[in-house]
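> For reference, the sequence and a predicted model appear below.
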Amino acid sequence: MLELISHFWALVPVTIAQSLILSFVVLAIMIPFRILGFPDLTSEGAYPLGGAICAMALMAGLPAWSALLVAMAAGFLAGCATAFIHLRFRIHSLLAGILVMTMLYSVNLRLLGKSNQPVFNLRTIFSFLIDHGLSDIGAKIMVAGAIAVLAFLLLRLYFLTEKGTAMRAVGANPDMAEANGINVWTMTVGGVGLAGSFSALSGAIMVQSQGFADVNMGFGILINGLAALMIGEAVVGKQTVVRQLLAPFVGTLIYYQLISVCLVAGLPPGDLKLATGLFVLAMLAAPSLRGRGAPMARDTMRD
Amino acid sequence: MLEVQNARRVFFPGQPDEKIALDGLDLKLASGDFAVVIGSNGAGKSTLLNAISGALRLDSGKVFINGRDVTAIPVHRRAVHVARVFQDPMKGTAATMTVAENMLLAELRHNPARLRRGLTKARRAFYAEQLSYLHLGMENRLDTVVSTLSGGQRQSLSLVMAVTGTPDILLLDEHTAALDPRTADLVMDATIRAVTALKLTTLMVTHNMKHAVDYGNRVVMLDSGRVRFELAGDEKKNATVAGLVSHFAVKTDRMLLGA
Ligand SMILES: Nc1ncnc2c1ncn2[C@@H]1O[C@H](COP(=O)(O)OP(=O)(O)OP(=O)(O)O)[C@@H](O)[C@H]1O
Ligand SMILES: [Mg+2]
């Protein structure tokens, strides 16, 4: 038992670094799902897209920080594409996301040229701190953590502006938003695009962290992200904008520690998806099992 | 000023269940006119209001607001001119947002959203003052999430939201029909006070003939997508419930007793 605990303890910093990097995907799942009322699967494709674009940019000699921005721009376009397909052709948002995600697989493979592309020995966003004596993990936690704090503060600021309030209204009641002069199209396209850029950011940082890009790196990220989001919402709540924005970050930190516990305790990694899936199902089902109906889950899935 | 010219809208054209909702309807309101719109179920009242707000595209015909042709202008850009309260209290407000945030959204109708702080101190004070005219104590509930308000409170909020910024046209579609009689009276009272104080050009749909007699300076009766008759001036002043009811082929208790 003690051995297991010390084993887990040794993994805590690595897991924190990993969850900080992945918290942006969870943020990218939260924004469409909770704020725009637009259940979206684009992140599963935008995350590896960000990774692939970042790998390409690094190999083309772009500085590490610029590579992140290029990746975010690509992710933004991917999100916009999903929203546009939904709005223009009246295709269900989930199906639109699956379409974009599937097409992105080919795009990512084209970009990388092969299924796995190493980017070792190039300067990354972590290099500066490592040069100044920080450990590899320490640098990752500092840099990813700083970006997370920055993203949180900027989004908080944004959702308190008139534009941010208008964007939330689109999710709360699109007809009412429109009747109050808000352009539902641009808000939806912009919001889902914003989410896509965060997915891509996550993939890009992950590639710089792990030293390679892989076409399959997004596989299952969505259900992990949903699980993390549900945990975060259970812990910090979602009654206010600040709580709703905090939930992805808190949830991701807890979720990956839980996964780490499971793995250290001997759960075969192959069973993780089943376990996570059952967990998300249980969280989504909880309200209806308690007999209150599941308004959020049901309403957002219907149209 | 509002003008609807030869408005036509057919649902399911060419199919067995074809429905002519608007059949060459003409209507003209001067600034400050308060018209009560009556007519049986399916007469086209809601469709007319949808056409004016832009929520519904016309097959042919035109809508002018203040002399400007707005027929092709989408809902969100017409919102500068047109405000609306729906029958369903859920429709006019954002349920998961607070009272103050909803008031802010209403302000954005005539003041497009920008990247600047939303709920400032000054705004909150202004919203509190506007809500205080309702005498429902809502000015103390600025941070209450709207979904926890009663239907009547929500509808009152919708009304205050609709009249902020003095819209050129106010559309009310049976906006008290879903409320209990006492609350309906409160909301109707607030409506009349706002419309009179702000001299709003108003179209109010109702099935309550007493409302049609008591309120407004004009009555417009729709039938099968056309204006069947209009009353204005002294004719309107002298209108009686019995007189109005006599124009309906099918009479319901609702007309007499109120919705
Ligand atoms: N979106 C729609 N699709 C199909 N038919 C519609 C639609 N909206 C209205 N109609 C039809 O158009 C006609 C006019 O409807 P409208 O809602 O304008 O009536 P109304 O006068 O508001 O009636 P009520 O008093 O019942 O509210 C009705 O026959 C209705 O069935
Ligand atoms: Mg109607």
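Right, received. Where do you want to start? Ligands and ions are numbered 1, 2, ... in the order given.

> what does whichever strand or helix holds residue B:125 contact?
If you go by DSSP states H and E, residue B:125 is part of helix B:121-132. Residues from elsewhere that reach helix B:121-132, judged by C-beta atoms under 8 Å, 6 or more residues apart in numbering or on different chains: B:99-100, B:103-104, B:107, B:138-140, B:142, B:157, B:160, B:164. Quick note: C-beta positions are derived from backbone N, CA and C, even for glycine.

> do that again at 6 Å, thanks
Defining contact as C-beta atoms under 6 Å, 6 or more residues apart in numbering or on different chains, one finds that helix B:121-132 is touched by B:100, B:103, B:138-139, B:142, B:160.

> Buried residues, the following helix or strand past that helix. List them.
Following helix B:121-132 in sequence order, the next helix or strand is helix B:151-163 (DSSP H and E). Neighbour-count burial for helix B:151-163 flags B:152-163 (criterion: 16 or more other C-beta atoms under 10 Å in any protein chain shown).

> quick revisit: now the contacts of helix B:121-132 in a markdown table, please, with extra columns for pLDDT and distance to residue B:226.
Output for the contacts of helix B:121-132, formatted as a markdown table (pLDDT from 0 to 100; distance: C-beta to C-beta, whole Å):
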| residue | pLDDT | distance to residue B:226 |
| --- | --- | --- |
| B:100 | 97 | 43 |
| B:103 | 97 | 38 |
| B:138 | 92 | 40 |
| B:139 | 94 | 44 |
| B:142 | 96 | 45 |
| B:160 | 96 | 34 |
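
> any idea which of those has the most stuff around it?
Highest neighbour count within the contacts of helix B:121-132: residue B:103, with 25 neighbours (other C-beta atoms under 10 Å in any protein chain shown).

> need the residues of the stretch 1-150 of chain B near ligand 1, please.
Residues of the stretch 1-150 of chain B that fall close to ligand 1, judged by C-beta under 6 Å from any ligand atom: B:11, B:19, B:21, B:39, B:41-47.

> Of those residues, keep whichever come out buried.
B:21, B:39, B:43-47.

> so what's the residue in the stretch 51-200 of chain B positioned nearest to ligand 1 closest to, chain neighbours aside?
Nearest to ligand 1 in the stretch 51-200 of chain B, going by C-beta to the nearest ligand atom, is residue B:174, at a distance of 6.5 Å. Spatial nearest neighbour of residue B:174, excluding adjacent residues (C-beta to C-beta, 6 or more residues apart in numbering or on different chains): residue B:87 at 4.3 Å.

> if I look at that neighbour, how far off is chain A?
To chain A, residue B:87 is 13 Å away according to C-beta to the nearest C-beta, to the nearest Å.

> how many other residues sit next to that residue?
Neighbourhood size, residue B:87 [other C-beta under 10 Å]: 18.

> can I assume it sits in a strand?
No - using DSSP: H, G, I helix; E, B strand; the rest coil, the assignment for residue B:87 is coil, not a strand.

> next one: phi and psi at residue A:12?
When read as degrees, to the nearest 10, the backbone of residue A:12 gives phi -50, psi -50.

> Geometric centre of the chain: which residue is closest?
No chain in the question, so chain A it is. With distances taken as C-alpha atoms, centre = their mean, residue A:25 lies nearest the centre of chain A, 0.7 Å away.

> Chain B is the one I meant
Mean-position check on chain B, C-alpha atoms, centre = their mean. Result residue B:172 at 1.6 Å.

> Using the three-state scheme, assign that residue.
Classified using three-state DSSP, residue B:172 is strand.

> Touching, it and residue B:85? I think so.
Yes - at 5.0 Å, residue B:172 and residue B:85 qualify as touching, with contact defined as C-beta atoms under 6 Å.

> these two touch, right, the residue nearest to residue B:174 and residue B:173?
Yes - counting by C-beta under 6 Å, residue B:173 is a contact partner of residue B:87 at 5.4 Å.

> now the stretch 151-259 of chain B, which segments are flagged as low pLDDT?
B:254-259 (pLDDT under 70).

> Chain B against chain A: which residues are in contact?
Within chain B, the positions near chain A by C-beta under 6 Å from any C-beta of the partner chain are B:75-76, B:79, B:84, B:94, B:96-97, B:101, B:104-106, B:108-109, B:113-116, B:118.

> pLDDT value on the nearest residue to residue A:91 once chain neighbours are set aside, please?
Closest residue to residue A:91 apart from its sequence neighbours, by C-beta to C-beta, 6+ apart: residue A:85 at 5.6 Å. For residue A:85, the pLDDT comes out at 97.

> Please report how far residue A:85 lies from ligand 1.
Residue A:85 sits at a distance of 24 Å from ligand 1 (criterion: C-beta to the nearest ligand atom, to the nearest Å).

> Give me the number of neighbouring residues for that residue.
Look at residue A:85: counted by other C-beta under 10 Å, it has 18 neighbours.
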